[in-house]
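1. quick one, fold the following:
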Amino acid sequence: MADAFVADLASALVRKLVSLATQEVIQAWNLYDDLLTLRERLESIDALLSDATTRKLTMYAVQNWLNKLEDVGRVADAFMDELAYEVTRRKVENCHKVLEFFSLSKNSILYRFKVARKINYINTSFDNIFKWAGDIGLQPVAHLSSSMQVKEIRNTPPFEDESQIVGRDHDVSYLVQTVCKNHEQDLQVIAVVGMGGQGKTTLARIVYNREDVIKVFPKRMWVTVSDDFDFMKILNQMVVSLTSTTSMLENTEGLIKNLQKFLKGKKFLLVLADVWNEKQGEWENLRNSLLGVGGARGSNILITTRKQEVIDAMQCSVSYQVEKLAEEYSWELFKQGAFSHGGVLENEEFAALGRNMVEKCGGLPLAIKTLGGLLRSKKSEREWLLIQNNEIWKSKGVLSSLRLSYDNLLDSSLKQCFTYFSVVSKDSVIYKSELIQIWMALGFLLPPRGSNALMEDIGSEYFNILLWNSLLQDVARDEFGNITSCKMHDLVHDLALDVSKHHTATVKAENVL
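-> Residues are numbered from 1 along each chain as shown. Down below sits the predicted model:
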């Protein structure tokens with residue numbers, strides 16, 4: 001997508017420049033200084049992108065500036081790809097020749113002249129774009145990896161536990177009573193239904209972890225289904241949930257026998273989160289297999305879904321509709337993010353702006369949390385006004401709030417780190433240390449020139465910022481309180497897909513990153 005290309009433009013081109021500048025051929029052609037000048041101009045433009053992205057929907061001139069930047073950026077991108085190919089081709093063709101002879105050949109001199117002219121044209125184009133930015137009032141934003149900002153991020157308090165929800169006491173109480181209520185059915189199905197971003201899965205997780213529920217159900221299993229209702233995968237994930245070990249059995253009989261070891265004669269609770277499949281036949285196959293496990297009467301299945309058709313197909317005994325948050329609870333949830341842990345102090349002006357934006361979130365907890373996390377980093381009334389007046393609110397729904405949070409990430413490299421999640425399966429467990437290593441390998445964590453910041457520290461900083469902005473969730477910690485892993489809400493994953501300009505592969509690998 002064009003937005004993703006522009007957001008990643010400068011940092012992506014800089015990575016290509018860094019790779020090219022180290023080539024002996026480039027140095028032999030005396031192009032190193034030309035590429036260095038281009039890098040410096042790109043880094044200057046990169047510092048403007050955050051301000052431009054924030055203003056693009058409220059200022060026509062800024063949108064035109066971004067369009068022109070995209071045009072020149074695509075020319076530069078294609079040129080660098082061509083240059084990289086030519087360097088590689090000539091290295092192969094001349095592998096048996098000395099570099100001096102290669103660099104002085106007629107074809108090489110002509111090509112070097114052509115390349116130098118092209119670089120000069122691109123440099124001039126970027127110079128004009130940079131000057132234009134000053135004319136329309138764009139301001140540079142410092143890279144996140146400056147020492148002062150790193151210190152600010154690291155000194156923030158621990159992230160709040162995901163179980164701390166607002167305005168859902170009645171919902172939790174009702175669901176706990178319903179799940180724990182004695183019944184003589186072989187397998188009762190209880191549905192939690194509501195639109196995306198309404199907190200269905202959070203409610204189910206709280207019920208799942210309640211002490212009174214644990215006492216009633218000696219065995220509990222959690223399986224996220226999503227849009228892939230794979231019968232064998234669900235049974236295998238039940239084994240994983242029970243044993244915390246991998247399971248890759250491929251025959252139903254073996255899986256049933258394995259599950260019988262843990263569930264036969266015992267009351268169990270199975271949570272199937274985010275169910276989309278409405279084919280009754282596939283559900284009957286799963287139900288019959290679960291009955292074959294031999295669990296005790298009173299065992300329950302708790303599902304979360306957005307679709308009434310799923311409830312009908314699964315013949316749910318109880319269907320509980322999750323309502324939107326009331327105005328008072330919406331405001332309370334927003335304040336937890338916007339006015340705490342280093343955010344601005346609540347006053348009459350900020351409160352008025354905040355209430356106006358919270359109303360636009362329509363009582364959806366995910367939208368409200370994301371908005372609060374976004375505004376926590378905005379320290380001036382002007383910045384809050386820019387968010388309030390952003391035209392993206394016209395689209396309504398939770399995605400408008402999520403998109404605002406993405407657009408306001410302060411660094412194009414950080415945006416690249418976010419769009420990486422487009423190639424990760426929904427509901428994957430995301431291990432922090434492995435994620436940072438992948439970001440490093442992809443070249444997303446290069447420190448600015450002159451900075452002594454370690455890439456690992458930049459990666460940890462980016463990870464924390466994504467958490468603060470509610471773009472990551474469900475954190476797990478080690479015994480020392482350090483975050484080890486997290487997950488991503490399915491709607492946030494949809495956003496990552498939306499802003500990613502290319503995604504050709506999906507990481508499957510045991511549903512774990």
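
2. double-check that residue 461 belongs to a helix.
-> Yes. Assessed with DSSP: H, G, I helix; E, B strand; the rest coil, residue 461 lies in a helix.

3. what about it, neighbour count?
-> Residue 461 has 22 neighbouring residues, counting by other CB atoms under 10 Å. In this view, the C-beta of every residue, glycine as well, is placed from N, C-alpha and C.

4. check what pLDDT it gets.
-> Residue 461 is assigned 90 on the pLDDT scale.

5. for the one 3 residues further on, same thing?
-> According to the prediction, residue 464 has pLDDT 89.

6. the strand or helix carrying it - contacts with which helices or strands?
-> In the assignment (DSSP states H and E), residue 464 maps to helix 455-468. Here helix 455-468 touches helix 147-154, helix 412-419, helix 432-441, strand 483-487, going by 3 or more CB pairs under 8 Å, 6 or more residues apart in numbering; DSSP states H and E.

7. what residues sit buried inside the helix or strand following it?
-> Going down the chain from helix 455-468, the next helix or strand is strand 473-477, by DSSP H and E. Neighbour counts over strand 473-477 (16 or more other CB atoms under 10 Å) mark 473-475 as buried.

8. between those residues, which is closest to residue 288?
-> Within the buried residues of strand 473-477, the smallest distance to residue 288 is 31.6 Å, found for residue 474 (CB to CB).

9. picking that back up, which among the buried residues of strand 473-477 gets closest to residue 487?
-> Nearest to residue 487 among the buried residues of strand 473-477 is residue 474, at 4.1 Å by CB to CB.

10. secondary structure class for residue 302?
-> Under three-state DSSP, residue 302 comes out as strand.

11. is the nearest residue to residue 38 once chain neighbours are set aside in a helix, a strand, or coil?
-> Spatial nearest neighbour of residue 38, excluding adjacent residues (CB to CB, 6 or more residues apart in numbering): residue 123 at 5.5 Å. The three-state label for residue 123, taken from three-state DSSP, comes out as helix.

12. and the closest residue to residue 362 other than its chain neighbours, what does it touch?
-> Closest residue to residue 362 apart from its sequence neighbours, by CB to CB, 6+ apart: residue 324 at 6.3 Å. By CB atoms under 8 Å, 6 or more residues apart in numbering, the contact list for residue 324 reads 198, 362-364.

13. adding pLDDT, neighbour count and secondary structure, write the residues you listed out as TSV.
-> Supplementary listing: these in TSV, determined by pLDDT from 0 to 100; neighbours: other CB atoms under 10 Å; DSSP: H, G, I helix; E, B strand; the rest coil:
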residue	pLDDT	neighbour count	secondary structure
198	89	25	coil
362	87	19	coil
363	90	19	coil
364	90	23	coil
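
14. mind listing what residue 191 touches?
-> Applying CB under 8 Å, 6+ apart, we find residue 191 in contact with 302-305, 310-311, 314, 316, 318-320.

15. residues of the helix holding residue 464 that come out buried?
-> Within helix 455-468, the residues that qualify as buried by neighbour count (16+ other CB under 10 Å) are 455, 457-468.

16. what's the angle between it and helix 412-419?
-> Here helix 455-468 runs at an angle of 60 degrees relative to helix 412-419 (axes from the mean of the first three to the mean of the last three CA atoms, to 10 degrees).

17. could you check the angle helix 455-468 makes with helix 432-441?
-> Inter-element angle recorded for helix 455-468 and helix 432-441: 120 degrees (by the same axes, to 10 degrees).

18. quick one: low-confidence ranges for the stretch 251-400 of the chain?
-> In the predicted model, the stretch 251-400 of the chain carries pLDDT under 70 at residues 342, 396-397.

19. now the helices for it?
-> Secondary structure of the stretch 251-400 of the chain (DSSP state H, counting those that start in this stretch): helices located at 252-263, 280-292, 308-313, 327-338, 348-360, 365-376, 381-388, 398-407.

20. got a markdown table for those, with distance to residue 62 and mean neighbour count too?
-> Formatted as a markdown table, the helices of the stretch 251-400 of the chain follow (distance: least, CB to CB, whole Å; neighbours: other CB atoms under 10 Å):
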| stretch | distance to residue 62 | mean neighbour count |
| --- | --- | --- |
| helix 252-263 | 57 | 17 |
| helix 280-292 | 50 | 15 |
| helix 308-313 | 43 | 17 |
| helix 327-338 | 25 | 19 |
| helix 348-360 | 21 | 16 |
| helix 365-376 | 19 | 26 |
| helix 381-388 | 11 | 16 |
| helix 398-407 | 12 | 23 |
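
21. which of the buried residues of strand 473-477 sits closest to residue 259?
-> For the buried residues of strand 473-477, the residue nearest residue 259 by CB to CB is residue 474; the value is 25.2 Å.

22. list the contacts of residue 337.
-> Applying CB under 8 Å, 6+ apart to residue 337 gives the contacts 343, 368-369, 371-373, 375-376, 470.

23. chain center to the longest helix along the chain: distance?
-> Ranked by residue count, the top helix of the chain under DSSP state H comes out as helix 60-93. Centroid separation between helix 60-93 and its chain, computed with CA atoms, centre = their mean, to the nearest Å, is 27 Å.

24. which parts of that helix are buried?
-> Buried residues in helix 60-93, counted by 16+ other CB under 10 Å: 62, 65-66, 69, 72-73, 76, 79-80, 83, 87, 90.

25. list the contacts for residue 273?
-> Counting by CB under 8 Å, 6+ apart, residue 273 makes contact with 201, 204, 222-225, 303-304, 427.

26. from residue 205, how far out is it?
-> Distance from residue 273 to residue 205, counting by CB to CB, to the nearest Å: 8 Å.

27. residue 87 too?
-> Distance, residue 87 to residue 205, by CB to CB: 53 Å.

28. likewise for residue 464?
-> Using CB to CB, we find residue 464 at a distance of 22 Å from residue 205.

29. look at residue 166 and report its pLDDT.
-> 89.

30. surely it touches residue 335?
-> No. Using CB atoms under 8 Å, residue 166 makes no contact with residue 335, being 9.5 Å away.

31. what do the two both touch?
-> Joint contacts of residue 166 and residue 335 (CB under 8 Å, 6+ apart) do not exist.

32. for the residue nearest to residue 38, list the residues it contacts.
-> With contact set as CB under 8 Å, 6+ apart, residue 123 has these partners: 34, 37-38, 41.

33. quick one: mean pLDDT for stretch 207-218?
-> Per-residue scores along stretch 207-218 average to 93.

34. do stretch 438-445 as well
-> Stretch 438-445 comes out at a mean pLDDT of 87.

35. what do you get for stretch 237-247?
-> Stretch 237-247 shows a mean pLDDT of 82.

36. same question for it: list its buried residues.
-> By neighbour count on 16+ other CB under 10 Å, the buried set for stretch 237-247 is 237-242, 247.

37. the residues you listed in helices, which ones?
-> Using DSSP H, 237-242 are the members of the buried residues of stretch 237-247 that sit in helices.

38. would you format the contacts of residue 337 as a markdown table with distance to residue 447 included?
-> Below are the contacts of residue 337 laid out as a markdown table (distance: CB to CB, whole Å):
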| residue | distance to residue 447 |
| --- | --- |
| 343 | 27 |
| 368 | 35 |
| 369 | 31 |
| 371 | 31 |
| 372 | 30 |
| 373 | 25 |
| 375 | 28 |
| 376 | 25 |
| 470 | 27 |
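
39. before I go, just wanted to say thanks for your time.
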